[in-house]
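> Got a predicted model here, sequence first, then my questions.
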Amino acid sequence: MYLRKNDMDEPQRFDEEGETEEGGMSRRLKHHNKPDDPLKLYERFYRYGIRPTWLQPNRVINKRIMKDGTVQYLVKWTDMTYADCAWEDEDAEIPDLPGLIQAYEDLKYVCGAEAGRGKKKKKKKGEEDEDKARKYQPFPERPLTNLDIKYKDNTMCKWMPDGLALHPYQLEGIS
């Protein structure tokens with residue numbers, strides 16, 4: 001004879017985390033090895049339908065300084081539209097945010113849009129070069145190649161891989 005533990009007309013109920021009505025964990029979840037979640041993301045976000053990728057910052061778009069002196073950054077989130085960007089404090093506990101802030105500041109420095117908005121100062125010979133630790137390097141003051149060279153045929157394109165050739169209108173375009 002086959003006996004069922006539960007009545008099939010009224011199945012046993014489970015809440016969102018897999019606990020039974022009696023308060024004990026189901027056998028499947030009790031023995032399941034869960035990864036550690038120190039930020040308690042499941043309790044705070046995942047159980048409400050928020051995707052994990054939505055909690056990862058993609059890049060920093062802008063910076064603002066509030067009246068009380070706190071610095072906030074406009075953060076673009078992964079897999080979200082630009083309409084869903086949010087202003088986050090500089091010291092918010094968001095993974096990868098300090099690295100993205102550094103990349104934003106480096107790019108801003110390279111473009112010359114620093115807070116002073118002045119022109120870049122030329123360095124003296126004795127000063128150290130601080131730009132080595134930056135992700136983006138500023139453009140050189142002078143071009144690295146001679147821009148007056150006119151490419152007449154494909155033999156002049158030393159940078160071109162063997163077996164490839166440019167059309168005449170393409171040679172005119174790079175000249």
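Thanks, I have the structure now.
> now for the lengthiest helix in the chain, which elements pack on it?
What stands out as the longest helix in the chain, according to DSSP state H, is helix 97-111. Here helix 97-111 touches strand 57-65, strand 71-77, going by 3 or more Cβ pairs under 8 Å, 6 or more residues apart in numbering; DSSP states H and E. For the C-beta atoms, the positions are set from N, CA and C on the backbone; glycine is no exception.
> any weak-confidence spans in this structure?
1-35, 114-132 (pLDDT under 70).
> let's go with 90 and repeat that
The chain contains residues with pLDDT under 90 at 1-56, 93-95, 106-175.
> ok so, going back, next, the angle from the longest helix of the chain to strand 57-65.
Computed with axes from the mean of the first three to the mean of the last three Cα atoms, to 10 degrees, the direction of helix 97-111 lies at 70 degrees from that of strand 57-65.
> Helix 97-111: which residues count as buried?
Within helix 97-111, the residues that qualify as buried by neighbour count (16 or more other Cβ atoms under 10 Å) are L97, L100, I101, Y104, E105, D106, K108, Y109, V110.
> any chance of these in CSV, plus distance to W77?
Compiled in CSV, the buried residues of helix 97-111 are given as follows (distance: Cβ to Cβ, whole Å):
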residue, distance to W77
L97, 11
L100, 11
I101, 15
Y104, 15
E105, 20
D106, 21
K108, 21
Y109, 25
V110, 25
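> ok, now which ones touch V71?
The contact partners of V71, taken as Cβ atoms under 8 Å, 6 or more residues apart in numbering, are K63, R64, I65, D89, E90.
> let me fix that: D84
With the criterion set at Cβ under 8 Å, 6+ apart, D84 makes contact with W77.
> Likewise for the one 5 residues further on?
Contacts were defined as Cβ under 8 Å, 6+ apart; by that measure D89 touches T70, V71, Q72.
> G163 versus that one, what's the distance?
According to Cβ to Cβ, to the nearest Å, D89 stands 55 Å off from G163.
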